[in-house]
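Engineer: Prediction below, plus the sequence it came from.
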Amino acid sequence: MKKLLVVGLGLVVVGTLAFFGGLGEANADAPKGGTHTQADVVGTNAKSGKPIFSKESYQVDENKIGYSSLENFVNRTYDDWQPNSEYRSIYANQDSADLQLSLASLHCINFFKNDIAKRGLTKQFAELQNAAYSIVNENAGGDNAKIAEATQKFGKTLREIYLNM
């Protein structure tokens, strides 16, 4: 029974992540669920030639957020970020899991920006979002050292936020 519950939960997580940007690779071409304006483009990745979009362009519809609150988002993301989490077990490698959590975080931080401001955590979440943004954009054209640095920063900042909530 427990295994069935875990499999069911895994399918829900996979479905949510598929909505946020696909599996295995960042869907950097569609941070707004498939729609873009030229104003969203802030640059081009030098290695891949793919467009780089503003952090603010990563949005999610209120009916499709997948988290009931800011606390729920932080707790689940922190749990999923852990090295041997159930979440990570559905991915072929850790980099794919990191990428998907980062992409989801870009959307959710924008969604919960008012709750974040009310709690006085704007600076901490800005650091988390900057790290997530680096992970997503570096994966589009890959500088492994920058990805590793951003991944470490994301994990450290996420832990600090988690412990302070």
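Structural biologist: Nice, I can see it. Numbering: from 1, shown residues only.
Engineer: Give me the helix or strand of this structure that scores worst on average pLDDT.
Structural biologist: The weakest-scoring helix or strand in the chain, judged by mean pLDDT, DSSP states H and E, is helix 2-21 (a mean of 41).
Engineer: For Y67, give me phi and psi.
Structural biologist: phi -130, psi 140 (degrees, to the nearest 10).
Engineer: no no, N93
Structural biologist: phi -150, psi 170.
Engineer: do the same with I116
Structural biologist: According to degrees, to the nearest 10, I116 has phi -60, psi -50.
Engineer: now swap in S85 and tell me
Structural biologist: According to degrees, to the nearest 10, S85 has phi -70, psi 160.
Engineer: and it, what is it in contact with?
Structural biologist: The contact partners of S85, by C-beta atoms under 8 Å, 6 or more residues apart in numbering, come to D79. Every C-beta, even on glycine, is put in place using the N, C-alpha and C of the backbone.
Engineer: Next: P83.
Structural biologist: Q94 are the contacts of P83 under C-beta under 8 Å, 6+ apart.
Engineer: Please identify the helix or strand for it.
Structural biologist: Per DSSP states H and E: P83 is located in neither a helix nor a strand.
Engineer: Ramachandran coordinates for it?
Structural biologist: Per degrees, to the nearest 10, the backbone of P83 is at phi -50, psi -40.
Engineer: any idea how far F112 is from it?
Structural biologist: 26 Å (C-beta to C-beta, to the nearest Å).
Engineer: For the protein, just list every one of the helices.
Structural biologist: Assigned by DSSP state H, the helices in the chain fall at 2-21, 70-81, 86-89, 94-111, 113-118, 122-141, 144-164.
Engineer: what about the protein, any weak spots by pLDDT?
Structural biologist: 1-65, 140 (pLDDT under 70).
Engineer: Against K123, how distant is Y133?
Structural biologist: From Y133 to K123 the distance is 15 Å (C-beta to C-beta).
Engineer: Looking at the two, which is more packed in?
Structural biologist: Using other C-beta atoms under 10 Å as the criterion, Y133 and K123 rank with Y133 on top: 22 against 9.
Engineer: out of the helices of the chain, deepest packed?
Structural biologist: helix 94-111 (a mean of 23; mean count of other C-beta atoms under 10 Å).
Engineer: That one versus helix 122-141: what angle between them?
Structural biologist: Helix 94-111 runs at 140 degrees relative to helix 122-141, counting by axes from the mean of the first three to the mean of the last three C-alpha atoms, to 10 degrees.
Engineer: on contacts alone, who are the packing partners of helix 94-111?
Structural biologist: helix 2-21, helix 70-81, helix 86-89, helix 122-141, helix 144-164 (3 or more C-beta pairs under 8 Å, 6 or more residues apart in numbering; DSSP states H and E).
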